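Asker: Below are the sequence and a predicted model; questions follow.
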Amino acid sequence: MRARTVAPIIGLCSLCAISRSDVLGPADLFSAATVQAAPIDPSKDPVYICPMDPDVRSHQPGKCRRCGMALVAGIPDPVEFHLDVSTLPEPVRAGHPAALQFFVHDPWKDRPVSDYNLVHERLFHAFVVSEDLQFFQHSHPTLVANGIFQLPITFPHAGMFRVLGDFYPSGATPQLNAQTIVVPGNAPPPVTLTRDYSPKSAENMRVSLETIPAQAIAGNRTQLRFRIEPGDGLEKYLGAWAHMLAASNDLIDLMHEHPYRTDEGPMVEFAVTFPRPMTYRVWVQFQRKGVVNTVHYDVDVAPQPADAEGTEKTEK
């Protein structure tokens, strides 16, 4: 599920209309849900696999070297759970307090899902990105009822927003599900991104980016190497040394990634495969001395050489 996960666009410009609670605060129903351990395969000589990064495997139990999740013996076949996203109130108004509701139900009988495994110290991660790529939020909705998570939010302006849900139902595999919310009103103009690798200053660090190779190619692995100054005090944030969300400038591709290499000091490195030739905005979050820092870069991705040659011949 998580091997270079790309969340395809689902129901572009559609608004999930079902509201399953009429309160903005958490209901007193959290105790009805339980957090269960990942399923274990009782075979005699198991191979332990990371449910989030299945290419990370071991003959011994432990934690994933990439994302920090516990390795499990035996992973169920991946099945996509259903996720509906709605707003309270509906329709939502720009600049006014509101809430997002996430309703998770199983793919077999459409029943609410009440049991979840922790994913990086939380039951649910939500990423919200605006159409103009100026608004980014990584938050953690609260479980308020059977299968329902809720997140307070204030949309800064009208337009389309992409919402990526990251959760892990017990007895299943980690899920990434993208939905669309439309805030009525005059939306900002379409965004045009150009390459931006300039160093960024955040709350208590300065971050620079280098890509290897220098020119990212669609479909090929690209190493994104971040160097942090000062180099001391870097800490794990939600169980990983960093978190990344990469979004194509049309918001069709959404990828949640974790570093595959770090020296627990000034260098953190990701391996990303960008699926299409276009520009991607990449948000990265680090924690240093208890403070979360968020920076973003724009990575231009070129087509495969064969594709480029084919295009040139067609134009001639």
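Answerer: It's in. Numbers count the residues shown, from 1 in each chain.
Asker: which residues touch residue 136?
Answerer: By Cβ atoms under 8 Å, 6 or more residues apart in numbering, residue 136 lies in contact with 127, 128, 129, 130, 245, 283, 294, 296. Every residue, glycine included, has its C-beta placed from N, CA and C.
Asker: Which parts of this protein belong to which domain?
Answerer: 30-36+77-183, 200-307 (automatic domain parsing).
Asker: for those, which one sits closest to residue 70?
Answerer: domain 30-36+77-183 (9.0 Å; Cβ to Cβ).
Asker: can you tell me the average pLDDT over that closest one?
Answerer: In this model, domain 30-36+77-183 has a mean pLDDT of 91.
Asker: do stretch 199-213 as well
Answerer: Computed over stretch 199-213, the average pLDDT equals 97.
Asker: Same list (the domains of the chain) but as TSV, adding distance to residue 63.
Answerer: Converted to TSV, the domains of the chain look like this (distance: least, Cβ to Cβ, whole Å):
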stretch	distance to residue 63
domain 30-36+77-183	12
domain 200-307	9
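Asker: Out of the ones you listed, which is closest to residue 49?
Answerer: Nearest to residue 49, of the domains of the chain and by Cβ to Cβ, is domain 30-36+77-183 at 10.4 Å.
Asker: From the chain's centroid, how far away is the closest one?
Answerer: Put simply, domain 30-36+77-183 sits 11 Å off its chain's centre (Cα atoms, centre = their mean, to the nearest Å).
Asker: mind listing what the nearest residue to residue 48 once chain neighbours are set aside touches?
Answerer: Leaving out its chain neighbours, the residue that sits closest to residue 48 by Cβ to Cβ, 6 or more residues apart in numbering is residue 71, at 3.7 Å. Taking Cβ under 8 Å, 6+ apart, we find residue 71 in contact with 48, 49, 50, 56, 57, 58, 61, 62, 63, 64.
Asker: Compare those and tell me which is most surrounded.
Answerer: Each of those was scored for neighbours by other Cβ atoms under 10 Å, and residue 50 scores highest at 24 neighbours.
Asker: Could you find the closest non-adjacent residue to residue 102?
Answerer: Once flanking residues are discounted, residue 102 sits nearest to residue 149: 4.2 Å by Cβ to Cβ, 6+ apart.
Asker: repeat for residue 64
Answerer: residue 50 (3.8 Å).
Asker: My read is that the one you found contacts residue 69, right?
Answerer: Yes: contact criterion Cβ atoms under 8 Å: residue 50 and residue 69 qualify, at 5.7 Å.
Asker: Just the ones in strands from the contacts of residue 136, please.
Answerer: 127, 128, 129, 130, 245, 283, 294, 296 (DSSP state E).
Asker: how about low-confidence regions in the stretch 201-316 of the chain?
Answerer: When residues are selected by pLDDT under 70, those of the stretch 201-316 of the chain lie in 263-265, 307-316.
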